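Undergrad: Next one to model:
(2 chains)
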Amino acid sequence: MWEYTDKVKDHFLNPRNVGKIDDADGVGEVGSLACGDALRLYFKVDKDGKIIDAKFQTFGCASAIASSSALTEMLKGMNLEEAQKISNEDIAQFLGGLPKEKMHCSVMGRDALEKAIDYYRGESEKKQEGNIVCECFGVTDLEIERTVRENNLRTIEDVTDYVKAGGGCGQCHDQIQEIIDSVTGKETPKRKEKVGMTNLQKIKLIEETLEREIRPALKQDGGDIELIDVDGNQVLVKLRGTCAKCAASQVTLKHYVENKLQEFVAPELVVEEVQ
Amino acid sequence: MMHIVYMDNNATTKVDPQVVEEMIPYFMESYGNPSSMHILGGQAGIKLKEARVNVAGLIGAQPEEIIFTSCGTESDNTAIWAALKSNPGKKHIVTTRVEHPAIKNLAEYLAKNGYRVTFVPVDRKGRLDMDFFYESLTDDTAVVSVMWANNESGVIFPIEEIAPVLRDRGIVFHSDAVQAVGKLPVNVEKVEVDMLSLSGHKLHAPKGVGALYVRKRTKFSPFLMGGHQEKGRRGGTENVASIIGLGKAAQLALERHEEVNTRVRALRDRLEKELLERIPNSMVNGDQEMRLPNTTSIAFEYVEGEAILLMMNELGICASSGSACTSGSLEPSHVLRAMGVPFTAAHGSIRFSLSTYNTDQEVEFIIKKLPPVISRLREMSPFWADREGLANAVCSVQ
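TA: Residues are numbered from 1 along each chain as shown, chains lettered A, B, ... in the order given. Next up is the predicted model:
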């Protein structure tokens, strides 16, 4: 069980400012159902630029709800310049701290606030969004870089705790490490060239590509594929489920599976089906 | 003190008072090492033998086919390694996508270390893809490991159907029956698995004791090398008191099968039916027919499982969740993902697992208390109001 502070428990069990503001001046939304948490933040500003009301709607765990509640409490009475300076660390501190694995809840608060302020200023369109690094949770390089810098993060695990990136399939770990290294000023060793792969590395990469790129697509149609052997550049596979009975399976093999493997592993690969 | 309504019996169970009573003398009175040649050793040895008879009796085995271990995980690891070591030429393993981590993580490790592993998928109801299963068997298959029943969905797998096929093909068959033993009649005389794991703390014995059934004439090599204990099949001084506790618990479980299958099943069914009726946008995960009588996994859409659990905890209700946030990982349980439960539901899935200790009043209490918790969280959720547009978001992260 997580060790939450009394303040987290209080803001979870008795959340302040739940709801929406229909004529809000600022609205910011982050997260998604798929990610497991999401926050929609609303605020209202008076003519002097002071936040007079703030409300939230949150889907998520106890610390996500508590972080949202805390943020709205902090915001009320602040002017926008002050609000803009709120960091995820401030939100966590307001709650007397969050478990390390839950820091991403405070980051979600900061991100929603930032979006809401941009919305208020009509700057939502201008923002440079960056490139997606973590596909599983839709996290960009800019978000990772900023969180690494602001929270002095040093490991991939830290990054996962703070912005979730890298917490799914793990394919982006190398890229996250590169970002950490660039922030901390460390040289990143050059990526290994694919051509220099040992046989074992090649088999592993083929398996990973099958699992990540190919299987999900076949699964949608009730099919599957199994790697039987790798002989030089010849990849022997067996089609399963509906694929095995499908008249178009050879097309799938040559055009889909082979193309993917050539793209992700090595261009000289040839796919053959074992009967 | 608040009354605790405990419905997390697939996680662990209360130790039965009769089990504790049996164990107590073996801490401070008859505390001997069963291997010792004196009265204290003798007393422990006799009880150990008795426990073995009782555990064997629960699953229809011979006493000498029972090896005591420290937990279900040790039993699982022992079984898989034993099968691989006795078939050194074979490099293929078949298991399922929904195994307990004790098998899943071991299989993933083996897949990276020289073995080929097929993870058989399940359908939306958590049922095994039997065509895929049979097709995946090869002459190179060293061992098949399929759980008897799933811990999260409660779905029971067709072990009875699989066993004779594997027997004919000469493939070692192991089943992790940790969730099944004590809740269902499991009989290795009728269902010919070669090895079977069980765990004490899932059937009202203490934590830290388990057993592995190894069918006579099945090739075996020990996982823990050491002394001559367990006929050389598992080194290490026996956890005497806990094994005696497991023996007593086995005896009680046999007597209580009927109650689990009737009274506990009725409680579970009522809880499930009422919750589904009272809470909109809720559904059962998994096949409701072939299922453990004590388990129900219910998805409450648009809310997150940890938040539900902690609010229930405030009311003294203990259950568990397949949600990401409770486990420390960021994705919903591998079982719900393998079943293709939509994201809208996976994050808000709660598992209730009952035991003979649960009462009508407790079910009544949850039926009354849970609906307001769900509505409260839904009112907080930004997705509840605009749920129409989200209903088709399918869980595709595998």
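
Undergrad: And the pLDDT for A:H173?
TA: We note a pLDDT of 90 for A:H173 in this prediction.

Undergrad: How many neighbouring residues does the closest residue to chain B within the stretch 151-275 of chain A have?
TA: Scanning the stretch 151-275 of chain A for the residue nearest chain B gives A:G167, at 3.5 Å (criterion: CB to the nearest CB). (C-beta placed from N, C-alpha, C; glycine too.) By other CB atoms under 10 Å in any protein chain shown, the residues close to A:G167 number 25.

Undergrad: would you say B:D139 is within a strand?
TA: No. Assessed by DSSP: H, G, I helix; E, B strand; the rest coil, B:D139 does not belong to a strand; its assignment is coil.

Undergrad: isn't there a helix covering the residue of the stretch 151-275 of chain A closest to chain B?
TA: No. The assignment for A:G167, made by three-state DSSP, is coil rather than a helix.

Undergrad: what's the distance between it and B:T12?
TA: Applying CB to CB, to the nearest Å, the value for A:G167 to B:T12 is 27 Å.

Undergrad: Same question for B:T78.
TA: 21 Å.

Undergrad: more neighbours, the two?
TA: B:T78 (25 against 16).

Undergrad: Now that one: phi and psi?
TA: Taking degrees, to the nearest 10, you get phi -60, psi -50 for the backbone angles of B:T78.

Undergrad: what does A:Y162 give?
TA: phi -90, psi -40.

Undergrad: Check the one 5 residues further on too.
TA: Here the main-chain torsion angles of A:G167 (degrees, to the nearest 10) amount to phi -90, psi 0.

Undergrad: Might one say that it is in contact with A:F137?
TA: Yes. Contact criterion CB atoms under 8 Å: A:G167 and A:F137 qualify, at 6.6 Å.

Undergrad: Flag the shaky bits of the chain, pLDDT-wise.
TA: Unless you meant another one, I'm taking chain A. Applying pLDDT under 70 to chain A flags the ranges A:124-128, A:187-196, A:243-248, A:275.

Undergrad: sorry, should have said chain B
TA: B:323-331, B:388-398.

Undergrad: all helices for chain A, in order.
TA: In chain A, the segments counted as helices under DSSP state H are A:6-13, A:62-75, A:80-84, A:88-94, A:103-120, A:141-151, A:156-163, A:173-184, A:199-209, A:215-220, A:242-245, A:249-251, A:258-264.

Undergrad: Now the residue most central in space within chain A: closest residue in space, sequence neighbours ignored.
TA: The centre of chain A sits closest to A:F137, judged by CA atoms, centre = their mean, with a distance of 2.5 Å. Nearest non-adjacent residue to A:F137, counting by CB to CB, 6 or more residues apart in numbering or on different chains: A:K164, 4.3 Å away.

Undergrad: likewise A:W2?
TA: A:P99 (5.2 Å).

Undergrad: need the residues of the stretch 151-275 of chain A near chain B, please.
TA: A:160, A:164, A:167-169, A:204, A:211, A:215-216, A:219, A:224, A:226-227, A:240-241, A:244 (CB under 8 Å from any CB of the partner chain).

Undergrad: again, only this time at 6 Å
TA: A:164, A:167-168, A:216, A:240 (CB under 6 Å from any CB of the partner chain).

Undergrad: care to break chain B down by domain?
TA: Domain ranges of chain B: B:5-11+B:257-390, B:17-253, per automatic domain parsing.

Undergrad: Chain A: which of the ones you listed is closest?
TA: Comparing the domains of chain B by CB to the nearest CB, domain B:5-11+B:257-390 comes nearest, at 3.5 Å.

Undergrad: ok now that closest one, how far from the chain's centre?
TA: 17 Å (CA atoms, centre = their mean, to the nearest Å).

Undergrad: and what of stretch B:212-223?
TA: 21 Å.

Undergrad: got the end-to-end distance for that stretch?
TA: By CA to CA, to the nearest Å, the extent of stretch B:212-223 from end to end equals 12 Å.

Undergrad: got it, and stretch A:18-33?
TA: So stretch A:18-33: terminal residues 19 Å apart, CA to CA.

Undergrad: mind listing what's buried in that stretch?
TA: A:18, A:21, A:24-33 (16 or more other CB atoms under 10 Å in any protein chain shown).

Undergrad: Check stretch B:3-12 too.
TA: So for stretch B:3-12, counting by 16+ other CB under 10 Å, buried means B:5-10, B:12.

Undergrad: Let me have the residues you listed in CSV, extended by secondary structure and distance to B:V193.
TA: Shown next, in CSV, are these (DSSP: H, G, I helix; E, B strand; the rest coil; distance: CB to CB, whole Å):
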residue, secondary structure, distance to B:V193
B:V5, strand, 35
B:Y6, strand, 31
B:M7, coil, 29
B:D8, strand, 28
B:N9, coil, 24
B:N10, coil, 21
B:T12, coil, 24
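
Undergrad: Chain B versus the residue nearest to A:A116 when sequence neighbours are not counted, what's the distance?
TA: Among residues not flanking A:A116 along the chain, A:G28 sits closest, at 3.2 Å (CB to CB, 6+ apart). Distance of A:G28 to chain B, given as CB to the nearest CB, to the nearest Å: 11 Å.

Undergrad: wait, isn't A:G28 in contact with A:Y120?
TA: No. At 9.1 Å, A:G28 does not count as touching A:Y120 under the criterion of CB atoms under 6 Å.

Undergrad: where do the helices sit along the stretch 101-250 of chain B?
TA: B:101-111, B:130-136, B:159-169, B:240-259 (DSSP state H, counting those that start in this stretch).

Undergrad: Throw the ones you listed into TSV and include mean neighbour count and distance to A:E258, thanks.
TA: Shown next, in TSV, are the helices of the stretch 101-250 of chain B (neighbours: other CB atoms under 10 Å in any protein chain shown; distance: least, CB to CB, whole Å):
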stretch	mean neighbour count	distance to A:E258
helix B:101-111	18	23
helix B:130-136	17	22
helix B:159-169	16	33
helix B:240-259	22	54
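
Undergrad: which one of those helices lies closest to B:A385?
TA: With CB to CB, the closest approach to B:A385 among these belongs to helix B:101-111: 37.3 Å.

Undergrad: Not counting its own residues, what contacts that closest one?
TA: With contacts defined as CB atoms under 6 Å, 6 or more residues apart in numbering or on different chains, helix B:101-111 is touched by B:73, B:76-77, B:80, B:95, B:117, B:145, B:176.
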